[in-house]
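> predicted structure and sequence below. I'll ask about it afterward.
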Amino acid sequence: MSNSVKRIGVLTSGGDAPGMNAAIRAVVLTSIHLGIDCVGIRRGYTGLISGDIVPMTAEDVNGIERCGGTILYTARSAEFQTEKGLQRAVDNCKFMDIEGLVVIGGDGSYRGALELSRHGVPVVGLPGTIDNDIGCTSYTIGFDTACNTAIDAVDKLDDTMQAHERCSVVEVMGHRAGHLALNVGIATGATVTLIPEMGVDFEADVSGRIRSARLKGQTHFTVIVAEGAASAHEVAEKIKAATGIDTRVTTLGHIQRGGSPLIRDRVTAARMGYKAVRLLADGVFNRIICMNGEKCVDYDIEEALNMTKGLDEDACLMQDALMS
Ligand SMILES: Nc1ncnc2c1ncn2[C@@H]1O[C@H](COP(=O)(O)OP(=O)(O)OP(=O)(O)O)[C@@H](O)[C@H]1O
Ligand SMILES: O=P(O)(O)OC[C@H]1O[C@](O)(CO)[C@@H](O)[C@@H]1O
Ligand SMILES: [Mg+2]
């Protein structure tokens with residue numbers, strides 16, 4: 001067995017996502033299996049700039065597949081987006097003989113990886129973000145667990161809303177995308193779901209729907225607001241003013257990023273981590289690992305970054321039907 005690379009590095013970058021640890025484990029164990037030396041870069045691109053680089057062994061990743069967070073820590077680095085910061089990161093990769101770098105993160109992290117590749121550092125990207133907002137892949141590691149965390153919270157809120165005949169207005173994450181909100185809205189039977197991909201007409205989309213649900217006999221209501229769509233507090237105030245219904249606002253926030261990853265995230269992370277190292281071992285660089293439905297595939301990084309995806313149209317239509 002001969003590999004194209006002798007040493008690879010792995011880092012996590014951007015917001016953490018449940019399943020990042022399972023991806024790190026797959027990268028490390030596949031490297032060991034193929035006889036490739038693996039080092040971890042701590043705190044994403046910040047660690048690449050400062051040279052915070054540690055050897056990775058099987059013991060380091062033992063049992064981490066079940067843990068949220070990331071054992072390598074993560075960061076958002078403004079310095080990396082300067083020419084000087086980028087050059088220091090490139091120099092450290094060369095100094096440490098890193099012949100392939102696995103970047104686990106979101107769309108921003110991929111743009112960073114693209115810059116590294118343009119400066120001669122071979123990279124492979126793995127999609128790790130609860131937002132599921134990366135155009136080239138139908139699924140991102142962490143999305144399923146985050147949805148389930150949000151669903152559990154919305155279900156609990158629903159109990160107390162029922163008791164007090166109130167309207168729960170719940171803000172969920174997702175950055176500028178509505179994937180998380182749409183899926184949580186469908187799964188919890190929300191009265192209203194507001195997503196950034198569709199404009200908000202308050203009378204038609206919010207108060208009108210709540211009034212119509214009340215006329216059908218509903219006594220408590222749930223409104224899911226994607227953080228990129230509107231302010232949950234403003235929406236709640238307007239609902240109270242328009243309908244007289246008592247509202248309560250919950251911003252789920254970072255709870256959505258935590259917790260033990262569910263099976264979809266653990267298994268997707270394992271498949272992707274394995275594939276990333278196999279590509280590097282075969283001398284295939286500057287690729288992004290993606291899910292295309294159930295298939296794990298890879299695309300050229302430039303091509304991948306130009307790909308876009310919208311919300312699932314059928315899911316939007318179906319949700320509209322179920323809310324009316
Ligand atoms: N256009 C860019 N060029 C170079 N580097 C970038 C660029 N955009 C982002 N990065 C680097 O990637 C890091 C992570 O990006 P970002 O904060 O957008 O998170 P992300 O990877 O999209 O993950 P998430 O959205 O899940 O939090 C940034 O802090 C920065 O160092
Ligand atoms: O952890 P931070 O820096 O507050 O970032 C929050 C953002 O990160 C995400 O959790 C993941 O991109 C977004 O949904 C959210 O807008
Ligand atoms: Mg992002």
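Sure, I can see it. Ligands and ions are numbered 1, 2, ... in the order given.

> in stretch 89-108, what's buried?
Buried residues in stretch 89-108, counting neighbours by 16 or more other Cβ atoms under 10 Å, are found at 89-90, 92-93, 98-108. (C-beta placed from N, C-alpha, C; glycine too.)

> ends of that stretch, what's the gap?
Length of stretch 89-108, first residue to last, Cα to Cα, to the nearest Å: 16 Å.

> what mean pLDDT does the helix or strand hosting Val28 get?
Assigned by DSSP states H and E, Val28 belongs to helix 20-34. Taken as a whole, helix 20-34 has an average pLDDT of 98.

> give me the angle between the helix or strand following that helix and helix 20-34.
Next along the chain after helix 20-34, taking DSSP H and E as the criterion, comes strand 37-41. Put simply, strand 37-41 runs at 160 degrees to helix 20-34, going by axes from the mean of the first three to the mean of the last three Cα atoms, to 10 degrees.

> quick check, nearest of the buried residues of stretch 89-108 to His220?
Gly106 (35.2 Å; Cβ to Cβ).

> how about that closest one, nearest residue that isn't a chain neighbour?
Computed as Cβ to Cβ, 6 or more residues apart in numbering, the closest residue to Gly106 that is not its neighbour in sequence is Thr129, at 3.6 Å.

> swap in Asp37?
For Asp37, ignoring the flanking residues on the chain, the nearest one in space by Cβ to Cβ, 6+ apart is Arg7 at 4.2 Å.

> what's the spacing between the one you found and Gly253?
Distance, Arg7 to Gly253, using Cβ to Cβ, to the nearest Å: 39 Å.

> which of those two has more residues huddled nearby?
Arg7 (16 against 11; other Cβ atoms under 10 Å).

> walk me through the domains of this structure.
7-142+261-305, 147-257 (automatic domain parsing).

> tabulate the ones you listed (JSON lines), appending distance to Asp312.
Listed next are the domains of the chain as JSON lines, based on distance: least, Cβ to Cβ, whole Å:
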{"stretch": "domain 7-142+261-305", "distance to Asp312": "9"}
{"stretch": "domain 147-257", "distance to Asp312": "8"}
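
> of those, which is nearest Ala315?
Among the domains of the chain, domain 147-257 sits nearest to Ala315 (Cβ to Cβ), with 6.2 Å.

> span of the closest one from start to end?
For domain 147-257, the end-to-end distance is 10 Å (Cα to Cα).

> return the distance of it from the chain's centre.
Going by Cα atoms, centre = their mean, to the nearest Å, the spacing between the C-alpha centre of domain 147-257 and its chain's C-alpha centre is 21 Å.

> cool, stretch 90-104 as well?
Counting by Cα atoms, centre = their mean, stretch 90-104 comes out at 24 Å from the chain centroid.

> quick one: contacts for the closest residue to ligand 2 within the stretch 151-300 of the chain?
Proximity of the stretch 151-300 of the chain to ligand 2 (Cβ to the nearest ligand atom) peaks at Met173, 3.3 Å away. By Cβ atoms under 8 Å, 6 or more residues apart in numbering, Met173 lies in contact with 130-131, 146, 180, 227, 252-253, 256-257.

> can you select the buried ones among those for me in PyMOL?
Provided next is the PyMOL selection string for whichever of the contacts of Met173 are buried by 16+ other Cβ under 10 Å:
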select buried, resi 130+131+146+180+227+252+256+257
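
> what's the closest non-adjacent residue to the closest residue to ligand 1 within the stretch 101-250 of the chain?
Here the stretch 101-250 of the chain gets closest to ligand 1 at one residue, Gly108, 2.0 Å apart by Cβ to the nearest ligand atom. Nearest residue to Gly108, sequence neighbours excluded (Cβ to Cβ, 6+ apart): Gly14, at 5.5 Å.

> again with Val124
That would be Ala276: by Cβ to Cβ, 6+ apart, it lies 4.4 Å from Val124.

> wait, a helix at that neighbour?
Yes. Checked against DSSP: H, G, I helix; E, B strand; the rest coil, Ala276 lies within a helix.
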